[in-house]
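Chemist: Quick one, structure for this:
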Amino acid sequence: MTATRRARLKLQNQLKSPVSFSGQGLHSGAAVCMHVSPAELGHGIWFLRTDVTDRDARVPALWDAVTASRLCTVVENAEGVSVSTIEHLMAALAGCGIHHALIKIDGPEVPILDGSSAPFVAGFLRAGLEELEAPVRAIRVLKTVEVQDGLAVARLEPAEMLEIDFRISFSERAIGTQVRRLNLANGAFVRELSNSRTFCRQSDVVSMREAGLALGGTLENAVVFDGDSVLSPGGLRHADEPVRHKMLDALGDLALAGGPILGRYTGDRAGHALTNRLLRELFADPTAWCEVDCGPQTLGKLPGVGVHSGDLPTLWG
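Modeler: As a prediction, the model looks like this:
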């Protein structure tokens, strides 16, 4: 690729060096080690279950590999090998502009770490990024697509860059109704959303554990609300941390599209399953989207563009 053409296009990125993370799975409670490594051009994002040796252990991080899951996002291959709770990691990859990676993991669930994407972002930015000789291929939304489940709604509509508009409403007074809109361009994810933690109500904790879920959940890796109170030590990182975390989840789930999205996502009480249904609805209609090479007109409009290590001190603010 000539220098002139390089200047006209936004190039794809990979990590300069591998990054390792270890911790517990949020739902399984099992210890897990994970290594995120650079991958060659055309690879995309794939998981490799290193504890699985009797069948294909590679699992694609793509929308059509998602299986039904209410509390987290799970991807599974044709051999029945799965990786769960991938949304915070996927948000970090998208938010840092990483397009190719091989994620080696020795268990079925991504470590929850502090319950946000911030530790992943910190690791990626410290490792640094390397440009590859190919333009980023973005998915441009051409017409509005919407899905609904009761009161919950998720929608994608045309826009020049990725925007997320989210609304939540909970009976817990400490959460209540929260609304936030954010343009994800120029590193906004890292600064505004990446340190927002997963959350739940105290009343949900007992029922989840009775169902064999949230076995690795603690007050340090999730924000727990009870009526007017925030039970987690130190309180909230943002006054509206819950809606910010839902936006973080949405970015992670949208990253399974296989490329950055140019469009406006609106979620009203939406969750992982509904966002995946939305992607399936989008890709089922070839007139609703197209792929575009990211040139000067989209430079700076993608999540990850403009992110640098100087953002790191603000991650846990």
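Chemist: Run through the helices of the stretch 101-250 of the chain in chain order.
Modeler: Applying DSSP state H, counting those that start in this stretch to the stretch 101-250 of the chain gives helices spanning 118-127, 188, 202-210, 241-254.
Chemist: weakest of the ones you listed by average pLDDT?
Modeler: Across these, helix 202-210 has the smallest mean pLDDT, namely a mean of 78.
Chemist: Show me what counts as buried in that one.
Modeler: 204-205, 208 (16 or more other Cβ atoms under 10 Å). The C-beta positions use only the backbone N, C-alpha and C, and glycine is treated the same way.
Chemist: Distance from that helix to the middle of the chain?
Modeler: Distance, stretch centre to chain centre, for helix 202-210: 24 Å (Cα atoms, centre = their mean, to the nearest Å).
Chemist: Tell me the spacing between the nearest residue to H272 once chain neighbours are set aside and A250.
Modeler: Excluding the flanking residues, the one nearest H272 by Cβ to Cβ, 6 or more residues apart in numbering is T73, at 4.7 Å. Distance of T73 to A250, given as Cβ to Cβ, to the nearest Å: 11 Å.
Chemist: Would you format the helices of the stretch 101-250 of the chain as JSON lines with distance to D54 included?
Modeler: Shown next, in JSON lines, are those (distance: least, Cβ to Cβ, whole Å):
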{"stretch": "helix 118-127", "distance to D54": "30"}
{"stretch": "helix 188", "distance to D54": "44"}
{"stretch": "helix 202-210", "distance to D54": "31"}
{"stretch": "helix 241-254", "distance to D54": "30"}
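Chemist: Out of those helices, the one nearest P18 is which?
Modeler: With distances scored as Cβ to Cβ, the stretch of these nearest to P18 is helix 118-127 (7.4 Å).
Chemist: give me the low-pLDDT residue ranges for the stretch 151-300 of the chain?
Modeler: Within the stretch 151-300 of the chain, the segments meeting pLDDT under 70 span 214, 299.
Chemist: What segments of it are strands?
Modeler: 152-157, 163-169, 177-183, 199-201, 223-226, 229-230, 261-262, 264-268, 289-293 (DSSP state E, counting those that start in this stretch).
Chemist: Start and end of stretch 56-75, how far apart?
Modeler: Distance across stretch 56-75, first residue to last, is 14 Å (Cα to Cα, to the nearest Å).
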